[in-house]
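Trainee: what would the 3D arrangement of this be:
(one chain, ligands or ions: 1)
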Amino acid sequence: MRDAILVLNAGSSSIKFSLFADADGTLGLQCGGQIEGLYTAPRFLARDARGATLSEKRWGEGERLGHEGALLHLREFLRGELADFRLSGIGHRVVHGGLEFTRPVRLSAEVLAALEKFIPLAPLHQPHNLAPIRMLLEGAPEVAQVACFDTSFHRSNPELAQRFAIPAELHDAGVRRYGFHGLSYEYIASVLSQHDPAAAAGRTVVLHLGNGASMCALDGGKSVASTMGFTAVDGLPMGTRCGAIDPGVLLYLMDERGMDARAIEKLIYQQSGLLGVSGISSDMRTLLASDEPRARLAVDLYLYRIRRELGSLAAALGGLDAIVFTAGIGENSAAIRARVLADADWLGIKPSARANAKGGPRISAARSRVSAWAIPTNEELMIARQTRRVLAAS
Ligand code: AMP
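Mentor: Purely as a prediction, here's the structure:
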């Protein structure tokens, strides 16, 4: 019987899953999908590795399917898929590992309690990431579980890159720059040498441009700086998050508009970014297709902020050998990539318009001093790899 690893990524309204077969040291995707719209209009969709639909279901609004019901449905579906496999363990995406968890960890009640302490650091993600872990520890304690963190990869950042200029006591209490999207960056770092060994050994900026967006400076494959900080709201403007904002703005809103922490949270996480500036959509495809001046402004601001962060990260690295685009926008939008590349001409990047329009992977011209790439990320595979490593060692 072959081994299999299940990967779960639980958010506030969805649970995504991927099942990997583990054969002869290779992890091969068997199937994957998600249950979305939890608590509102839930729907389940599972596909095989070639994208063919395996199973679909919709629940009525009155049925109030939540995380627990979703896990039960998933278990029923996976019973069939796992008939020929032995489930060796479940790997979970967990957004915050604090300072303590610098690598993936086997889960126990004690580890879960330690991870619950980070809920105030990521209140919109961490509780949902931990919910299925708790349910499985209680309901199926015989199943091995591993937590894989979005923050761990950035623990290699030098002290200066992790520090805010605030009193030391606050820094020591954990108020520092953590960085996120680490599973995506670690995956890109792991495959870059296949494309560009010199860049993999050198200085690279990776642009993870999805609904959430950040950029990371890699030196020899290690993270040395990134645009996200204490929370996943810092850095670039995103679909609905504002990115870097003068903290004085937030004080002003509290004093002059009477906004409290929850109202500000809603503003900076859900009402800002591409959606807030355009007033139209958080979806880059919609904005690129729109003639509205406000849609153009949102895209221009997004690109302006990328341009400035690219300069900042190149400065942190002391030079640049390559840049890599990944995630929804980075992988699929030739138009956004073309504009980022044109803005980066001063850094020695010469794009190949034809290769960029085709989607890469190499999108720079042969004469370009700095190479440019479009490489699909695979956070689920990274979680499966980490899970296998932890289980093999325990
Ligand atoms: P992700 O969070 O990685 O799934 O990325 C979601 C984002 O990718 C959304 O803003 C989508 O609009 C964007 N996206 C996906 N495909 C394209 C495309 N062909 N052109 C522009 N944006 C895209």
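
Trainee: and the stretch 151-300 of the chain, which of its residues are near the ligand?
Mentor: Residues of the stretch 151-300 of the chain lying close to the ligand by C-beta under 6 Å from any ligand atom are 210, 211, 239, 283, 284, 285, 288. All C-beta atoms are positioned from the backbone trio N, CA, C, and that covers glycine.

Trainee: so how do I select the buried members of the residues you listed in ChimeraX?
Mentor: Buried residues among those (16 or more other C-beta atoms under 10 Å), as a ChimeraX selection:
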select :210,211,239,283,284
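
Trainee: can you name the farthest residue from the center of the protein?
Mentor: Centroid-distance maximum for the chain: residue 256 at 34.7 Å, with C-alpha atoms, centre = their mean.

Trainee: which residue is the nearest non-sequential neighbour of the residue in the stretch 101-250 of the chain positioned nearest to the ligand?
Mentor: Using C-beta to the nearest ligand atom, the closest approach of the stretch 101-250 of the chain to the ligand is made by residue 210 at 2.5 Å. Ranked by C-beta to C-beta, 6 or more residues apart in numbering and with sequence neighbours excluded, the top spatial neighbour of residue 210 is residue 327, at 3.4 Å.

Trainee: in this protein, which residue sits closest to the ligand?
Mentor: Nearest residue of the chain to the ligand: residue 328, at 2.0 Å (C-beta to the nearest ligand atom).

Trainee: report the contact partners of the closest residue to that residue other than its chain neighbours.
Mentor: Residue nearest to residue 328 in three dimensions, not counting chain neighbours: residue 210, with 4.3 Å by C-beta to C-beta, 6+ apart. Listed by C-beta atoms under 8 Å, 6 or more residues apart in numbering, the contact partners of residue 210 are 327, 328, 329, 330.

Trainee: so which helix or strand takes in residue 324?
Mentor: Using DSSP states H and E, residue 324 falls within strand 322-326.

Trainee: partner strands of that strand, parallel or antiparallel?
Mentor: Next to strand 322-326 in the sheet, as set by DSSP bridges, lie strand 203-209 (parallel), strand 371-374 (parallel).

Trainee: for the longest one, the distance to its chain's centre please.
Mentor: This points to strand 203-209. 13 Å (C-alpha atoms, centre = their mean, to the nearest Å).

Trainee: pull up the pairing partners for the very next helix or strand once past that strand, direction included.
Mentor: For strand 203-209, the succeeding helix or strand toward the C-terminus, using DSSP H and E, is strand 213-219. Next to strand 213-219 in the sheet, as set by DSSP bridges, lie strand 203-209 (antiparallel), strand 222-226 (antiparallel).

Trainee: before we move on, back to that, distance check, the residue of the stretch 101-250 of the chain closest to the ligand against residue 323.
Mentor: 16 Å (C-beta to C-beta, to the nearest Å).

Trainee: equivalent analysis for residue 7, please.
Mentor: Residue 7 sits 28 Å away from residue 323, going by C-beta to C-beta.

Trainee: then residue 156?
Mentor: From residue 156 across to residue 323, the span is 20 Å (C-beta to C-beta).

Trainee: quick one: which of the two has more around it?
Mentor: Legend: neighbour count by other C-beta atoms under 10 Å for residue 156 and residue 323, higher for residue 323 (27 against 16).

Trainee: understood, closing this out.
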